[in-house]
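Q: I need the structure of the sequence given here:
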Amino acid sequence: MAYRQVGQPGFADALVSRRGKGSPVLRRICELVDWAAVERVLRGLPEPERGSPPYPRLVMFKALLLQQWYGLSDPELEESLDDRASFRDFCGFVLSDETPDHTTIWRFRETLQRAGLDEKLFAEILHQIDARGLVLRRGTLIDASLIPAAVKPPKPPKDPLPPGPDGREPSKLVNSERDADARWTKKGGKRYFGYKAHVGIDQGSAIIRRNKLTEAAVNDTVPADELICGDEKAVYADQAYDKHERRSGLAARGIKPRLMFRPNKHHPLTERQKRFNDAVGRRRAPVEQVFARLKCVYGWARARYLGLARNQTHLHLLCLAMNLKRWAVLRPVGAAA
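A: Sure thing, here's the model as predicted:
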């Protein structure tokens with residue numbers, strides 16, 4: 001398959017002198033990443049069967065990174081790639097190059113998801129960060145946060161539903177016809193419809209090492225063991241993750257179980273357990289900042305796509321993009337790569 005040729009400067013590029021210094025963060029990320037290794041992962045994408053010559057895979061992947069950092073929709077990314085010099089420089093476009101439209105961007109992300117390369121790309125960037133000694137392994141902070149669905153919560157049916165096999169009246173909290181994977185849950189006395197994001201971050205560096213998306217009804221503790229890497233010295237989590245089996249399992253692996261104790265009506269917390277919970281709460285606070293950045297800075301206040309698979313790919317790309325930004329902060333200009 002012949003790919004489009006991009007990044008070959010012409011006479012106009014030699015004449016135009018761009019004002020300003022561009023984005024130092026984007027330039028720093030370009031310097032830090034081994035793009036050849038990323039390109040090797042992208043070779044796992046299937047070749048397009050027909051149509052005009054596609055854009056180079058690495059160019060399209062860089063465009064998806066820009067989309068995550070700036071919280072852009074596909075049409076907004078199309079416009080920005082055509083208009084913003086820093087975006088064109090990051091992707092490798094010169095003045096004479098045509099940039100991809102929003103349909104091309106959508107199709108590339110869909111292909112990435114179907115090929116399962118979003119997770120492999122996340123792992124590759126994490127491997128490169130780890131190879132620079134930035135993953136400390138002092139501990140893993142785990143937590144979850146609700147993400148409202150892209151569609152509006154479905155309204156209760158107007159007509160009463162027939163009773164179930166057990167004779168009970170069915171719930172009025174019905175699922176959405178447009179997004180069949182989203183589910184209802186209750187938190188703090190309020191109902192939520194959508195998904196739940198689960199992350200595990202490295203204590204000290206705030207590098208995201210694990211991420212998983214589930215429907216909102218899944219209890220926080222269910223995917224918790226998937227967020228534990230196994231090479232950390234401790235695991236920090238709130239009361240939702242408190243299980244005797246998890247505590248003993250972590251201790252057996254030489255990992256300190258820093259899980260906040262959960263009281264019940266038969267066993268209220270002792271003063272020692274309260275002090276322990278306070279100490280753990282202070283240590284695990286940085287994981288809350290990850291969700292704050294995802295929602296407030298990266299524009300993930302609600303799911304952008306329909307379906308669990310598409311939104312899981314989006315979460316992988318978001319976490320990958322956040323790790324790259326964190327890498328640039330931990331290794332600023334002048335520091336060894």
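Q: which residues does E215 bridge with?
A: Y195 (DSSP bridges).
Q: what's the spacing between it and V199?
A: Going from E215 to V199 by C-beta to C-beta, to the nearest Å gives 16 Å. (Each C-beta comes from the backbone N, C-alpha and C, glycine too.)
Q: More neighbours: these two, which one.
A: V199 (24 against 17; other C-beta atoms under 10 Å).
Q: Dihedrals phi and psi, the more buried one?
A: When read as degrees, to the nearest 10, the backbone of V199 gives phi -140, psi 150.
Q: beta partners for it?
A: In beta-bridge terms (that is, DSSP bridges), V199 pairs with D143, N211.
Q: Okay, now the unreliable bits of this structure?
A: Low-confidence segments of the chain, defined by pLDDT under 70: 1-5, 7-22, 50-51, 159-170, 333-337.
Q: for it, longest helix please?
A: helix 308-330 (DSSP state H).
Q: in it, what's buried?
A: By neighbour count on 16 or more other C-beta atoms under 10 Å, the buried set for helix 308-330 is 308-328, 330.
Q: which other helices and strands contact that helix?
A: In terms of contacts (3 or more C-beta pairs under 8 Å, 6 or more residues apart in numbering; DSSP states H and E), helix 308-330 is packed against helix 24-32, helix 57-70, helix 102-114, helix 117-131, strand 190-202, strand 208-215.
Q: Which residues outside the last one are in contact with it?
A: Right, strand 208-215. By C-beta atoms under 8 Å, 6 or more residues apart in numbering, the surrounding residues in contact with strand 208-215 are 122, 126, 135, 140, 142, 147, 181-183, 195-202, 222-223, 226-229, 290, 308, 311-312, 315-316, 319, 322-323.
Q: Nearest to V297, out of the helices and strands packed on helix 308-330?
A: Nearest to V297, of all the helices and strands packed on helix 308-330, is helix 57-70, at 8.8 Å by C-beta to C-beta.
Q: Return the angle between stretch directions for that closest one and helix 308-330.
A: 80 degrees (axes from the mean of the first three to the mean of the last three C-alpha atoms, to 10 degrees).
Q: Run through the neighbouring helices and strands of the following helix or strand past helix 57-70.
A: Next in sequence after helix 57-70, counting helices and strands by DSSP states H and E, comes helix 74-83. Applying 3+ C-beta pairs under 8 Å, 6+ apart, we find helix 74-83 packed against helix 57-70, helix 85-91, helix 102-114.
Q: Please point out which parts of helix 74-83 sit buried.
A: 74, 77-81.
Q: In PDB, please show the C-alpha coordinates belonging to that helix.
A: Extracted C-alpha coordinates of helix 74-83, given in PDB (Å, rounded to 0.1, in the frame of the first residue of the first chain):
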ATOM      1  CA  ASP A  74     -13.200  14.900  15.300                       C
ATOM      2  CA  PRO A  75     -14.400  18.000  13.400                       C
ATOM      3  CA  GLU A  76     -12.600  20.300  15.800                       C
ATOM      4  CA  LEU A  77      -9.400  18.300  15.300                       C
ATOM      5  CA  GLU A  78      -9.800  18.500  11.500                       C
ATOM      6  CA  GLU A  79     -10.100  22.300  11.700                       C
ATOM      7  CA  SER A  80      -7.100  22.600  14.100                       C
ATOM      8  CA  LEU A  81      -4.800  20.400  12.000                       C
ATOM      9  CA  ASP A  82      -5.600  22.600   9.000                       C
ATOM     10  CA  ASP A  83      -5.200  25.900  10.900                       C
END
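Q: got the angle between it and helix 57-70?
A: Going by the same axes, to 10 degrees, helix 74-83 makes 110 degrees with helix 57-70.
Q: Helix 74-83: how far from the chain's middle?
A: Averaging C-alpha positions (C-alpha atoms, centre = their mean, to the nearest Å) puts helix 74-83 21 Å from its chain's average.
Q: do stretch 117-124 as well
A: Distance, centroid of stretch 117-124 to centroid of chain: 11 Å (C-alpha atoms, centre = their mean).
Q: what's the answer for stretch 175-190, then?
A: Per C-alpha atoms, centre = their mean, the centroid offset for stretch 175-190 relative to its chain is 20 Å.
Q: likewise stretch 71-79?
A: Counting by C-alpha atoms, centre = their mean, stretch 71-79 comes out at 18 Å from the chain centroid.
Q: Same check on stretch 219-229?
A: 16 Å.
Q: which residues does W327 contact?
A: 29, 32, 129, 132, 134, 207.
Q: The fifth one against G204, yeah?
A: No: at 9.4 Å, L134 does not count as touching G204 under the criterion of C-beta atoms under 8 Å.
Q: out of those two, which sits in the busier spot?
A: A count of neighbours by other C-beta under 10 Å puts L134 above the other of L134 and G204, at 18 against 14.
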